[in-house]
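**Student:** Sequence and predicted structure are below.
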Amino acid sequence: MTDTPNTPAPAVDLDALLDQLTLDEQVSLLAGADFWRTVPIPRLNIPPLKVSDGPAGVRGGGPLVGGMKTAAYPVGIALGSTWNPALVREVGASLAREALDKGAGVLLAPTINVFRSSLNGRNFENYAEDPILTGTLATAYVHGLQDNGVAATPKHYAGNESEYQRNSISSNIPARAMRELYLRPFEMVVKAARPWAIMTAYNKLDGTFCSEHPWLLQTVLRGEWGFDGLVMSDWGGTHSAGPSVRAGLDLEMPGPARARSGLLEEAQHDPATAAAVKERAREVLRLIERTGTFATPRDVRDEAEKDTEYPDTRALIRRAGAEGMVLLKNTGILPLPAGKTIAVVGPNAAKAQVMGGGSAQMNAHRQVSPLDGLREAQGAGSISTAVGCDNDKFLPVPQVPVQIEYRAQDGGDVIAREEKGQAEVMWFSYPEGVNPMEFHGTLTLTVQAPQDAEYEFSLASAGLSRLTVDGQEVVDNWTAWTQGETYFGFGSDEVRGRRTLSAGAHQLRVEYATKPAGEGVLFAGFNAVRVGFRAEPDADSVSQAAALAAQADYAVVCIGTNGDWETEGVDRWGLDLPGRQNELVEAVLAANPNTIVLLQTGGPVTMPWLGGVPAVLQAWFPGQEAGHAIADVLYGRAEPGGRLPQTFPMSLKDDPTHPLNPDVQYPGEGGRVEYLEGLYTGYRHVDQSGLAPLFPFGFGLSYTTFDVSNPRLSAATIGAGESVTASVQVKNTGSRAGSTVVQLYVHDRVSRLDRPAKELKAYAKVQLAPGQIETVTLPLGMRDLAYYDDAAHAWIAEAGDFDVLIGQSSADLPHTLRLSLSTDWKEPTS
Ligand code: BGC
């Protein structure tokens, strides 16, 4: 798949090389050189190794915003919705080529934490609420990358199921839930795909930081599962020198060393630490070797922006985007007929939502909006559009050039000048002479006021900031700066101001200053500022959109969220769509009954208008080709191939982490979050509580229909250690080609320990032409029948009867087969 095939590295004798390293040099390998590189040792021809985020593209070595352009793939939950490991493997292989173009030998991906609360800010980046679905897709992704010479880094190991106080909170997880839900995808991917690296989570686990947790890193990961790759910390997530090294953490990131700055001294005085240093240094060398970096140093030329060169990448992103879209409702209005007039309205109509926020964001080659996609598919003449309302969390960032002047301090001489492409700057590098720890920046930009009116302005920043408009102060985020939710929780909240402007150009000037050293920062010298600007929303905009919709044959209402709402460092706001979006749907629906809701979110939302609308398509954040993939599905050129990887609860009170003890269970209290719901998340919670979800796990409609029949087991009784297969016949009973996902769940009829009513154990996606029949065979082994017994420290499948439930969603399982296990089976753990 890669154009530079993975050249096998000449065998480097790692032990011999290691023996040549001084203790000093060994220590130097155990923390990054900078944000994305390891430390080279030219004396011994040890090159630096470059890593890059991940997971929905390869951002490259630049800043989180405004860096090199790159291909943006569907986000995790969109891939999770495909239930298609073969497709995810293709995505992994394609990303390997992207990584090579960015000079990276390691991709910081995939993100494989299992959904717990529907409010986790990073659910969009992960795959699913179910460990088996997550583990199988992660395995495919890792194979795709590593078969093409690029290391994968499954993350965040472990217990990072929410962003709330993630840098300090302790996830206190009952042992069974830990094993059966949260460790399971990591176990699967380590055993089946042998990733060359893994990233620890920021949080603590039962009081100990994951980055220095011997049980997690040595006992389980290396000891039990046989992991033989490199363990790196999340960025800024290393908290000690000797203890983290002795606990099994190989690499502190980013560099230069912060927590490990005293490691050399510690190692010089403590033989156990020195021995651990050598062991850890070996892992860094091994990763350099495995990625072929000794033979072909990757980070030797400029990063490449390849877009038009790779039509296959565009096609893959478009196909994968469509395959992840979940048709939640369709009374028959979809697919749309050609040649009709369509009003494409809503805040996400002209604004493409291709990705979530945080470290997973990148500067996409293209951002095709639903409006652009539908226009291209339909021809411009028959499409009208209106914004209807906004869904801004923060005011939009002006996409205009920004001039920056740097001074050592306020009032000093200008020491450097720079231009940036937009009014948000997250500094990852500085012009020569600028000290990231202490500088003063003046940013100037020009915005256009379309008419005489009142406008809103805002600032959010990691340092101190204030904004003047035409010389007059409008926002002060300086005198009373307080730490808030932006910039991974290390920036302020957004501070707003207003000013009436005449139509035309206006000068904005932002003064920015670093905060005094020692205050809570992500890493030393972390600086960022974001300027917001927009016209006051028009009070009539909803009715204007409805009036437009009334004149069209169809209305497509493009609503949802964006990467400010669904992001890293802060959890989701709730489950109700922000702003006036529900009102917009109701108004458009009242004006035109042929209203299709196009939803783009990173997780569940409530849908008070669901009963009235004829169709709802959940498109998630499907990557740079978003609008094309959406148009493909709406017009039926592609089918909506997605099935929900997450239960959509009816309301927040039905969320698994809400009913018991709201604070300590979610988001956490007193520095800890207690996973009181244990095993009962997602559909397991639905079953246990007897809830009716808004949409069940595994659900999604097709443009055709399927019949699943003839269920069989290859044996009705098996003994300990044996396996069995279940098969069904699937027939496409409609008149269009399409796919469905056959899902198999196991129910243990009698169990010594409490078990969920059913657990997903296997699935298969089948693509069938009209009338076509295929037999689907799904394997079942001992672990599929077992629970984790925390008292016995073992996986146990008890002799007795199991129901094998087969169907097309967690709520549509018409077939039950009886399987008997004749003798107990046990697999001990540590
Ligand atoms: C994220 C990681 C990411 C790293 C580097 C952290 O904030 O949690 O997932 O890989 O930054 O950008």
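**Tutor:** Okay, I see it. Numbering: from 1, shown residues only.

**Student:** so where's this protein uncertain?
**Tutor:** 1-10, 380-381, 517-524, 659-661 (pLDDT under 70).

**Student:** How is it partitioned into domains?
**Tutor:** 402-535, 706-828 (automatic domain parsing).

**Student:** Endpoint to endpoint, the shortest one covers what distance?
**Tutor:** Spelled out, that is domain 706-828. This stretch, domain 706-828, spans 42 Å end to end (Cα to Cα, to the nearest Å).

**Student:** from the chain's centre, how far out does that domain sit?
**Tutor:** For domain 706-828, the separation from the chain centroid amounts to 29 Å (computed by Cα atoms, centre = their mean, to the nearest Å).

**Student:** Could you do the longest one as well?
**Tutor:** Relative to the chain's own centre, domain 402-535 is displaced by 28 Å; criterion: Cα atoms, centre = their mean.

**Student:** Taking the centroid of this structure, which residue is nearest it?
**Tutor:** Glu125 (1.1 Å; Cα atoms, centre = their mean).

**Student:** I figured Asn562 was touching Asp390, is that so?
**Tutor:** No: look at Asn562 against Asp390 with Cβ atoms under 8 Å: they stay out of range, at 10.4 Å. For glycine as for every other residue, the C-beta is placed from the backbone atoms N, C-alpha and C.

**Student:** Tell me which of the two has more neighbours.
**Tutor:** Using other Cβ atoms under 10 Å as the criterion, Asn562 and Asp390 rank with Asn562 on top: 26 against 19.

**Student:** near the ligand, which residues of the stretch 351-500 of the chain?
**Tutor:** Ser359, Phe488 (Cβ under 6 Å from any ligand atom).

**Student:** Just want the residue of the stretch 351-500 of the chain that's nearest the ligand.
**Tutor:** Relative to the ligand, the nearest point of the stretch 351-500 of the chain is Ser359 (3.5 Å; Cβ to the nearest ligand atom).

**Student:** Now the phi/psi pair for that residue, please.
**Tutor:** phi -70, psi -10 (degrees, to the nearest 10).

**Student:** number of nearby residues for it?
**Tutor:** 20.

**Student:** Same check on the one 5 residues further on?
**Tutor:** When counting by other Cβ under 10 Å, one arrives at 24 neighbours for Ala364.

**Student:** And the closest residue to it other than its chain neighbours, how far from Ala152?
**Tutor:** Excluding the flanking residues, the one nearest Ala364 by Cβ to Cβ, 6 or more residues apart in numbering is Ala72, at 3.7 Å. Going from Ala72 to Ala152 by Cβ to Cβ, to the nearest Å gives 19 Å.

**Student:** neighbour-wise, which of those two wins?
**Tutor:** The residue with more neighbours, out of Ala72 and Ala152, is Ala152; 31 against 28, by other Cβ under 10 Å.

**Student:** coming back round to it: what's near enough to touch the residue nearest to Ala364?
**Tutor:** By Cβ atoms under 8 Å, 6 or more residues apart in numbering, the residues touching Ala72 are Ala56, Gly57, Ile317, Val354, Met355, Met362, Ala364, His365, Gln367, Gly623, Gln624.

**Student:** Count the neighbours of the first one for me.
**Tutor:** By that I understand Ala56. If we define neighbours as other Cβ under 10 Å, then Ala56 has 33 of them.

**Student:** Nearest to the ligand: which residue in the stretch 501-650 of the chain?
**Tutor:** Glu568 (5.9 Å).

**Student:** surely that residue meets Gly357?
**Tutor:** Yes: between Glu568 and Gly357 there is a contact at 6.5 Å, judged by Cβ under 8 Å.

**Student:** which residues does the residue nearest to the centre of the chain contact?
**Tutor:** Pro55, Ala56, Val75, Gly76, Ile77, Thr111, Gly356, Gly358, Ala360, Glu568, Gly602.

**Student:** What about the first one, how many residues nearby?
**Tutor:** Other residues within reach of Pro55 by the criterion other Cβ under 10 Å amount to 29.

**Student:** can I assume Asp15 sits in a helix?
**Tutor:** Yes: under DSSP: H, G, I helix; E, B strand; the rest coil, Asp15 falls within a helix.

**Student:** Alright, that wraps it up for me.
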